[in-house]
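Colleague: prediction below, plus the sequence it came from.
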Amino acid sequence: MEVIVTNNYEELSRKAAEIIDSQLKKEPASVLGLATGSTPLGTYKELVKSYEKGQTDYNGVSTLNLDEYVGLSPDHHQSYRCFMDKHFFDLINIRKENTYVPDGRAEDLAEESSRYEQIIDEIGPPDLQLLGIGENGHIGFNEPGTSFESGTHVVELTPSTRQANARFFDTMEEVPTYAVTMGIQSIHKSKRIILLASGKHKAEAIRQLIYGEEDEQFPASSLKGHPDLTLIVDQEAYALVNEKG
Ligand SMILES: N[C@@H]1[C@@H](O)[C@H](O)[C@@H](COP(=O)(O)O)O[C@@H]1O
């Protein structure tokens with residue numbers, strides 16, 4: 001595991017974007033695994049900036065997103081499809097048909113999960129997967145207790161994850177209860193994984209990720225078994241690492 005500690009969120013975002021930009025320069029037809037949440041927003045901004053300067057071209061790029069809420073239509077302002085369009089896809093020259101997000105409105109969600117896993121195998125695996133981390137160690141929407149062998153599946157969100165995401169919705173009732181997410185094993189298919197964490201509220205999760213054992217009660221710990229993992233964390237998220245214990 002490589003750990004890059006940055007002074008602040010801006011530097012973290014620039015560093016992550018730099019890695020993605022060089023991947024695209026190296027392989028213009030790259031497959032990127034992408035994440036939502038507030039943490040990667042700065043990275044998307046930086047990527048858009050370098051695109052606008054003519055430094056990158058997304059014409060041949062494909063993307064696979066980690067997850068989607070169940071029940072939200074793609075144009076719902078809090079659906080992850082809408083998030084990706086607004087913050088990234090609509091701002092670059094990617095072909096929309098090459099951007100994949102699970103369909104949270106599929107009638108048969110088990111079928112949708114297998115369909116998505118098949119897409120990961122056909123389009124992917126991603127050359128690079130961008131990840132955030134939940135305060136309880138979740139990655140994608142793989143909550144504590146998820147099997148490390150899991151493929152794309154439907155999950156019931158924990159009260160703490162619903163609470164953490166409630167800030168994006170008008171009322172708590174509107175926060176979806178279920179999501180479709182790539183599983184731990186699906187995420188592991190990526191050739192390289194970049195996990196981002198920023199802020200004090202992520203410090204305990206980063207401490208546990210660095211010092212803890214692999215444990216299904218802490219989903220991100222599965223990443224310790226991945227051959228090419230880079231953590232990019234800012235000082236605040238790294239704050240508890242040196243206080244070992
Ligand atoms: N499904 C997403 C995750 O992919 C994300 O990593 C996590 C942390 O989000 P944030 O970056 O906003 O802290 O939130 C959500 O639950």
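Modeller: That came through, no problem.
Colleague: so how far is residue 171 from the residue nearest to the spatial centre of the chain?
Modeller: Closest to where the C-alpha atoms of the chain average out (C-alpha atoms, centre = their mean) is residue 35, at 2.7 Å. Per C-beta to C-beta, to the nearest Å, residue 35 is found 25 Å from residue 171. Every residue, glycine included, has its C-beta placed from N, CA and C.
Colleague: do I have it right that residue 123 meets residue 62?
Modeller: Yes - if you go by C-beta atoms under 8 Å, residue 123 and residue 62 touch, sitting 5.3 Å apart.
Colleague: neighbour-wise, which of these two wins?
Modeller: Neighbours per residue, other C-beta atoms under 10 Å: of residue 123 and residue 62, the larger number sits with residue 62, 20 against 14.
Colleague: pull the number of nearby residues for the residue lying closest to that one once chain neighbours are set aside.
Modeller: Leaving aside its sequence neighbours, residue 62 sits nearest to residue 98 (C-beta to C-beta, 6 or more residues apart in numbering; 4.2 Å). Counted by other C-beta under 10 Å, the residues lying close to residue 98 total 17.
Colleague: now residue 98: phi and psi?
Modeller: Phi and psi for residue 98, reported as degrees, to the nearest 10, are phi -100, psi 10.
Colleague: returning to that earlier point: now do the shared contacts for residue 123 and residue 62.
Modeller: 31, 100 (C-beta atoms under 8 Å, 6 or more residues apart in numbering).
Colleague: please, where are all the helices along the chain?
Modeller: In the chain, the segments counted as helices under DSSP state H are 9-26, 41-52, 80-87, 109-123, 159-165, 184-188, 203-211, 235-238.
Colleague: what residues does the shortest one touch?
Modeller: What it means is helix 235-238. 3, 5, 6, 7, 8, 197, 198, 199, 200, 202, 203, 206.
Colleague: let's see it at 10 Å
Modeller: 3-9, 11-12, 39, 133, 196-207, 210, 231 (C-beta atoms under 10 Å, 6 or more residues apart in numbering).
Colleague: put the alpha carbons of it into CSV.
Modeller: Output in CSV follows, covering the C-alpha atoms of helix 235-238 (Å, rounded to 0.1, in the frame of the first residue of the first chain):
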residue,chain,number,x,y,z
GLN,A,235,-3.3,15.9,7.1
GLU,A,236,-6.6,15.9,8.9
ALA,A,237,-7.6,12.4,7.8
TYR,A,238,-4.1,11.2,8.6
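Colleague: what residues sit buried inside the least confident helix or strand in the chain by mean pLDDT?
Modeller: None of the helices or strands of the chain scores lower by mean pLDDT, DSSP states H and E than helix 159-165, at a mean of 90. For helix 159-165, burial by neighbour count (16 or more other C-beta atoms under 10 Å) applies to 161, 164, 165.
Colleague: can you narrow the residues you listed down to the ones near the ligand?
Modeller: Applying C-beta under 6 Å from any ligand atom, the subset of the buried residues of helix 159-165 adjacent to the ligand comprises 161, 165.
Colleague: doesn't residue 229 make contact with residue 2?
Modeller: Yes - counting by C-beta atoms under 10 Å, residue 229 is a contact partner of residue 2 at 7.2 Å.
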